[in-house]
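Chemist: I would like the atomic coordinates for the input below:
(4 chains, ligands or ions: 6)
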Amino acid sequence: MGAYDFDHAVDIAWCPGCGNFRILESVKDALDELELDPANVVFVSGIGQAAKTPQYLNAHYFNGLHGRTLPPATAIKASNPELIVIAESGDGDMYGEGGNHFMHAIRRNPDITNIVHNNMVYALTKGQASPTTRQGFVTPVQVHGVTQEPFNPVAVAIALDASFVARAFAGDARQTTDLIKKAITHKGYALVDIFQPCVTYNKVNTYGWFKQNTYTLEESYDPTDREAAFRKATEPGKFPLGVLYIKEGKPTFEEGLSLYRQDARPLYQRTVDMEMLRGLVDSMRT
Amino acid sequence: MGAYDFDHAVDIAWCPGCGNFRILESVKDALDELELDPANVVFVSGIGQAAKTPQYLNAHYFNGLHGRTLPPATAIKASNPELIVIAESGDGDMYGEGGNHFMHAIRRNPDITNIVHNNMVYALTKGQASPTTRQGFVTPVQVHGVTQEPFNPVAVAIALDASFVARAFAGDARQTTDLIKKAITHKGYALVDIFQPCVTYNKVNTYGWFKQNTYTLEESYDPTDREAAFRKATEPGKFPLGVLYIKEGKPTFEEGLSLYRQDARPLYQRTVDMEMLRGLVDSMRT
Amino acid sequence: MSIVFSGQAGQGLQTLEALLTRMLKRSGYNVFSYSEFMSRIRGGNNSTQVRVSSRRVFSYTRRIDLFVPLHENAMERFHDRITQETVILGDRAFIEEQYLDGHHPVLEVPINEVAREKGGAVYANTVLLGILAGLFFVDSDLMHEEIRMILSGLGEDRLQKNLDASDEGYERSKKLLKPGQAAVSIERTAEVRDEVLTDGINAVGLGGLAGGCTFVSSYPMSPSTGVLVFFTKKAESSGVVVEQAEDEISAVNMAIGSWYAGGRALVTTSGGGYALMVEGLSLAGCIESPLVIHLGQRPGPATGLPTRTEQADLQFALYSGHGEFPRAILAPGTHEQGFSHTRHAFYLADKYQVPVFILTDQFFLERRYNVPDLDTSKVYDQRFIVQTRADYRRYALTENGVSPRGIPGFGEGRVRADSDEHDEDGFITEDFSTRTAMVNKRLKKLSGLQMEVFPPQLFGPEDYRNLVVCWGSSLHAVQEGLDMLGRDDTAILHYSQVYPLAEVTAEYLERAHKKIVVESNATAQFARLVRSETGIAFDGAILKYSGLPLMPEDVCEGLHEKLGKKESTHGRL
Amino acid sequence: MSIVFSGQAGQGLQTLEALLTRMLKRSGYNVFSYSEFMSRIRGGNNSTQVRVSSRRVFSYTRRIDLFVPLHENAMERFHDRITQETVILGDRAFIEEQYLDGHHPVLEVPINEVAREKGGAVYANTVLLGILAGLFFVDSDLMHEEIRMILSGLGEDRLQKNLDASDEGYERSKKLLKPGQAAVSIERTAEVRDEVLTDGINAVGLGGLAGGCTFVSSYPMSPSTGVLVFFTKKAESSGVVVEQAEDEISAVNMAIGSWYAGGRALVTTSGGGYALMVEGLSLAGCIESPLVIHLGQRPGPATGLPTRTEQADLQFALYSGHGEFPRAILAPGTHEQGFSHTRHAFYLADKYQVPVFILTDQFFLERRYNVPDLDTSKVYDQRFIVQTRADYRRYALTENGVSPRGIPGFGEGRVRADSDEHDEDGFITEDFSTRTAMVNKRLKKLSGLQMEVFPPQLFGPEDYRNLVVCWGSSLHAVQEGLDMLGRDDTAILHYSQVYPLAEVTAEYLERAHKKIVVESNATAQFARLVRSETGIAFDGAILKYSGLPLMPEDVCEGLHEKLGKKESTHGRL
Ligand SMILES: Cc1ncc(C[n+]2csc(CCOP(=O)(O)OP(=O)(O)O)c2C)c(N)n1
Ligand SMILES: Cc1ncc(C[n+]2csc(CCOP(=O)(O)OP(=O)(O)O)c2C)c(N)n1
Ligand code: SF4
Ligand code: SF4
Ligand SMILES: [Mg+2]
Ligand SMILES: [Mg+2]
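Modeler: Ligands and ions are numbered 1, 2, ... in the order given. Modelled structure (predicted):
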């Protein structure tokens, strides 16, 4: 039993065979292998099937609103930089409803890990298209098949000069675990977009399909080359798995907060400086 | 007097010398040169200094909410594809508050023109940083200077495989006019990000600065090469002006709407099909 | 008669519900059905209630006459509803020990074994359908027809297996009853056979089409997604632009944009999604755009109980949006009203250029029953847009506050819509007296809206002693609950429009000795609204907010408690 | 004495306002100032009113004693406020013909010419400052000191030119008055010199610091941006994380995230921005997060009048958010309350784990006057978080509905916050009785909030015949307006907390013969709230919604009309 397992049985609300189970295991393995104390680990999620993940591991969690995973995650890290913060949710949550936060969190570069279960569908609401749904995919709302360009999260993240961009496939547990570990240890915002088969609402992008349509980046691949990364991120055909892009040396959001430079204490340990306050009021007398 | 000029004096609420005046003229010139009937042209804007532009030319306008320029623009075009729709607003409006719509409008690809006055600042609210503000820029809210990565709209648009991406500088009226004309005649979503000096709140990115920090793309530049476009969009140093990227042959949003295939009439000309309705109700008897 | 199946998500209860209700209705029974289900795609425990009756039935009842457990823990959540009168039908393996004590009527059928014999566990539902068809004396040809209809997508082989499974169930039903035990004896009515079987989703959707809806932009959210799906299905045949937006903010701004350009747009959403539309509502208020909002309520706050029901967003719908502007809120109580009120919403929105809400809830949308007809003869197709002249002014000041509405592309004029305060032309202004005039102009429209209010409907004696007030989807539970209580000194006043509040309200309330409000929320929101308008307070409230629909039993017990013992009333005795 | 300068955006009126009010206060005058300005950066027409008095002055008055036009159309918007008593001071070129008819007292000073002589038109403001310093007998050293202080950023050369310009103005003032014309004779008070001169922005900001605020996330929006800027300026010295979010949705979700992790967070916004926070409010309600929202009202709907004032978001603040959960709404009337109530908001939010609003408006935030002190001795620094044990349960059911609040990183336990309905541990549940228990738990907190309500303040005779009720920023205009009317049978009841509504309300209202409400909105929202809680209707309402602040004259005239001629009252005659 790992540090993140419960000591009692848990009723998991996912379908048997769902890729989410694999991701849950990979996440727990990554945390265990990094020997992170669950008392310091906070999961932040939105709403959706993927967003239920934090319920099933024994850490802190903040299960907020659909699409609003990154703002609280950023704030939690900024309010107590000692915490390890993992923002984990679905493709609809992160790239659809939450698309604006996705872009601006990347710009802000908080030291958090952003895990996205990319099943190319809105599963919890029963199978509508998500931003990453491939063209032609038929759903109850997209009755003639999706016509829009699928959202390419890794290309957009690279265009935003994100500090860490990786892609994984839930079916490859070892690689997924390793990528999550790298993302957690990376300093700065780290995206791990994970292909996740939804066995109920996505009968096209199955385990087999993902297996056939992905490959692992060569050892020689240099993730610090932005242009090459963009090429990889947008190349037609199979999707590359691995760390696509790393921008080294970016300062994090928390590092930019001047108040921690003089005093590293997290916010909850601080009290009102009465003298400072008195001084401020008195300065308004003259 | 052009077709878009009023026959009476207009009190324009901009500062003397503001780049917005130049853009206003370029827009009117483009429309005049294309001989577009103002009765068919609809401007859609949000809130901000840039967003006031439609007030100052004699066409239809929908001046909606801050950040919400693209959704109504998309819907107006979809409700009456015969209209020419121009979504025009500021950088804060389009890339900050409205960032999610920016991404998803590009994916949807309505046949509209999206003009963004990029002055790298929130002008109407008195000088806070906008998403495109350069690092180090000091404002009343960013007192130590902006630390975040500036938002690169053209790179993001290319990452989203936008159908037309151009960049202009308000100081070059002829080029700006030409780019707007190209954007309007282009079929599909067309972005024209225009560098616009704000003489009041941006004392760094001035006319002179923009002049020094931009150059026009070589004649030989091939805007259909996505990788090259991304390189241009992200290259350090001076900003290239001109058409950065064109993705040919993308179907537009309106073309994807099945109802227009059988019947091209705009929505306002349609009436309820009573027999169809009766039929639907009767089908629920058995 | 109330039948309840209890199964897991993914077991196909919804198909069974559809098959059974259609089949029974076509056999001449009045039917009602409602499924309560968890916010998960597989597992857990869900249940469907189907009521079959010689009279019309519209509400979800606590009572269970026939209970069918379909998986291992199927009875766990029902201990308080299974009585010694409840017949338990099904696999012995799914019936809890305590009910096999001989004091509970049990009809054992090895449904799963039979299903497996017929090709697999997936055929359990059709075996059960067959059993029930037998018990209700349904014609087996009709049963086959329905199966062919609903399961047509399965392919010939699996279709045939389903037919065989149903036949086997049908056969078994004959042997189920011991000699002397009566089969089901509910009267059938010929007229019912041809009635319209509908849920709230279809009623609202069809009402939208009747109202001339041509544009729907929304973001999926339970329980409102069904209406989006409805329009998608009908998009082509009826000329409706349907778009799944990237978020609710986009959805509402698209809808307003569409109205501006001549569309007649609807958004469908639930509380959390509506929360994101609130700024858009205020935009519609300011630019005087029509807007139709279908708000399907579910329990909050925040994500709450995504697949459950509640009526707790009345105040939110009424007071949301910054600034002051008029609106109307319709709250249909019946499926006929779901249809007619949605149609009416388009009329009101267009005529007065204001946002209009159709306030339903998960129970309203998902429950299904037969109605004689949805009256399509009153198709609403009046258009309020004008062809503009060159001197057109979008916000011309008029007597009643309504300015002729032009759209771009139709006429000579320019159509300027502005979210800033504007003058009659639509240009931004900061003139203080224009501002005051524009506020007055917008608010004046309330008088027009007030004149067209749907009055509340009174059920029961005109000379009531007690008055039970309810709104929206609660109507039927209140009616049946009062029937159960059997008091003839008590009437029901039901509101299918909650704002503007009908002016007769005070008159009705003042005539009552005791006034009880019944709502599916925790704070009696409608009572508060009534008090804010009339000053009148209720004497009691029956409130439910567990997430389950209000049941007749809740009402009956609540009224019993509030009204005391039945008094000899009315001189009628 | 009421002075009004009328100039264009970009002419530096705000600097003049700061210089003048500081200087006059330090000379021993009571001062009040308020600028009304357009939503543009250059041009148009703005004006600043500075009132100078021997008594405390707090309100914006229609009366103008001294009018200074500073550009060509400077008088256009003031025809109805410039009377034959109004002294017009300034450049002849800016004074309209009609006022040069000899019936209006005019003090011609070629301010611009003098400024140009001193180095350029930009020095006009300091010339004017000098003139006023002279008229008010301000010590010229003090004047110089203030100029050095406020204009320190300009560099030595321009600073010196400003000083010279002011001296020249000072000199000129001596020659302005004809023999026999009196200079200004207002009594000065030594104590005033050392008082605190503050606007609402600083009062609220300092109150936030006193309340222990450590996190501010917001998006710029007039008139609330000032509070964001306040915290930015103080961020380092006081340990506050301040972040400009990409939108208001992010801002509110960040703030809630910060509370979860041990911060004490505030968002500052206006109606349109708050509209986007409404889903977040409901989130705070569900996960029982504290949250402090500074909502600076401006006229809506939609973009409305961005730089003007109104009190029209009371109902919106009260009923926004889907689902049902408690909240509190404070509406400070004075700057002292701006300070103390903001501090109190953090206390309430933290103690009850609910969202708390500080409902101000543009007028409240921008007006400036001297107060004796802001009482920092009552610094609030109580923390309500607990160190968790291993068996910690975030939503433990308790007597008063409040569960001990743990945060991650402080203790052994796990802190689980869930926007779905949850059990005591914070895990998602669909159990109906747990749901009901959790709704009850959350709503129970209302009783606690009710017990800590700020009671309304009564001004005037205890045995009043008429009662004038107001809330928030309207207090002073009502007080001065009633003073003008001079009725001693009428009292004022002012609410600085509008929700929960103080229970004494009915008692106060019932004692009045006539009850008049005064609000800066069009629909009398507070009156509606009072009626919804007490059933009591007001006899009349004085409402203003032009975008300008409520003025004493509005109140005086309104009361005169509603109360009729002054009656012989009270037995005191
Ligand atoms: C504001 C809001 N809008 C809509 C919803 C309904 N909703 C819940 S989950 C979801 C989609 C989930 O899709 P995704 O994030 O891809 O997660 P998945 O279920 O596929 O894992 C939606 C639309 C909501 N809860 N809140
Ligand atoms: C919901 C909402 N939030 C904030 C504002 C306030 N606001 C008006 S304009 C603006 C920024 C404008 O910046 P930009 O779009 O770059 O336009 P500019 O004035 O620079 O041309 C802001 C924050 C608003 N009107 N609505
Ligand atoms: S619906 Fe799809 S994503 Fe959800 S649990 Fe089932 S398989 Fe997984
Ligand atoms: S503030 Fe800047 S953007 Fe606005 S009008 Fe002035 S110069 Fe132009
Ligand atoms: Mg998904
Ligand atoms: Mg800008």
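Chemist: could you show me where the strands are in the stretch 351-500 of chain C, in order?
Modeler: C:355-361, C:368-371, C:385-388, C:405-411, C:416-418, C:457-459, C:466-471, C:490-495, C:497-499 (DSSP state E, counting those that start in this stretch).
Chemist: can I get those in a markdown table with mean neighbour count, mean pLDDT and distance to B:Lys187?
Modeler: In short, each C-beta sits where N, CA and C put it, glycine included. Converted to a markdown table, the strands of the stretch 351-500 of chain C look like this (neighbours: other C-beta atoms under 10 Å in any protein chain shown; pLDDT from 0 to 100; distance: least, C-beta to C-beta, whole Å):
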| stretch | mean neighbour count | mean pLDDT | distance to B:Lys187 |
| --- | --- | --- | --- |
| strand C:355-361 | 29 | 98 | 34 |
| strand C:368-371 | 24 | 98 | 46 |
| strand C:385-388 | 17 | 97 | 28 |
| strand C:405-411 | 23 | 97 | 19 |
| strand C:416-418 | 26 | 98 | 26 |
| strand C:457-459 | 15 | 98 | 54 |
| strand C:466-471 | 27 | 98 | 50 |
| strand C:490-495 | 24 | 98 | 51 |
| strand C:497-499 | 26 | 98 | 45 |
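Chemist: nearest to D:Pro549, of those?
Modeler: strand C:416-418 (24.1 Å; C-beta to C-beta).
Chemist: In chain C, which residue sits nearest ligand 6?
Modeler: C:Asp420 (17.4 Å; C-beta to the ion).
Chemist: got any ranges where the stretch 1-150 of chain A has weak pLDDT?
Modeler: For the stretch 1-150 of chain A, no stretch is flagged by pLDDT under 70.
Chemist: Quick one: residues contacting the residue in the stretch 451-573 of chain C that ligand 5 sits nearest to.
Modeler: Ligand 5 sits closest to C:Gly547 of the stretch 451-573 of chain C, with a gap of 25.2 Å, by C-beta to the ion. Taking C-beta atoms under 8 Å, 6 or more residues apart in numbering or on different chains, we find C:Gly547 in contact with C:299, C:305, C:308-310, D:421, D:430, D:432, D:435.
Chemist: Also A:Tyr221?
Modeler: Going by C-beta under 8 Å, 6+ apart, the list of residues near A:Tyr221 reads A:228, A:232, A:242.
Chemist: now, which of the residues you listed lie within helices?
Modeler: A:228, A:232 (DSSP state H).
Chemist: for C:Lys351, what are its contacts?
Modeler: Going by C-beta under 8 Å, 6+ apart, the list of residues near C:Lys351 reads C:382, C:384, C:402, C:448.
Chemist: Quick check: it vs ligand 1, distance?
Modeler: 31 Å (C-beta to the nearest ligand atom, to the nearest Å).
Chemist: cool, and A:Tyr4?
Modeler: With C-beta to the nearest ligand atom as the criterion, A:Tyr4 and ligand 1 are 20 Å apart.
Chemist: how about the most centrally placed residue in chain A, secondary structure?
Modeler: Closest to where the C-alpha atoms of chain A average out (C-alpha atoms, centre = their mean) is A:Asn114, at 1.9 Å. Classification of A:Asn114 by DSSP: H, G, I helix; E, B strand; the rest coil places it in strand.
Chemist: The stretch 201-350 of chain C: helices as residue ranges?
Modeler: With helices called from DSSP state H, counting those that start in this stretch, the stretch 201-350 of chain C shows them at C:225-238, C:248-260, C:271-275, C:278-287, C:314-319, C:335-352.
Chemist: If you could redo that for the stretch 51-200 of chain A, that was the one I meant.
Modeler: Under DSSP H, counting those that start in this stretch, the stretch 51-200 of chain A gives helices at A:70-79, A:91, A:99-108, A:153-159, A:173-185.
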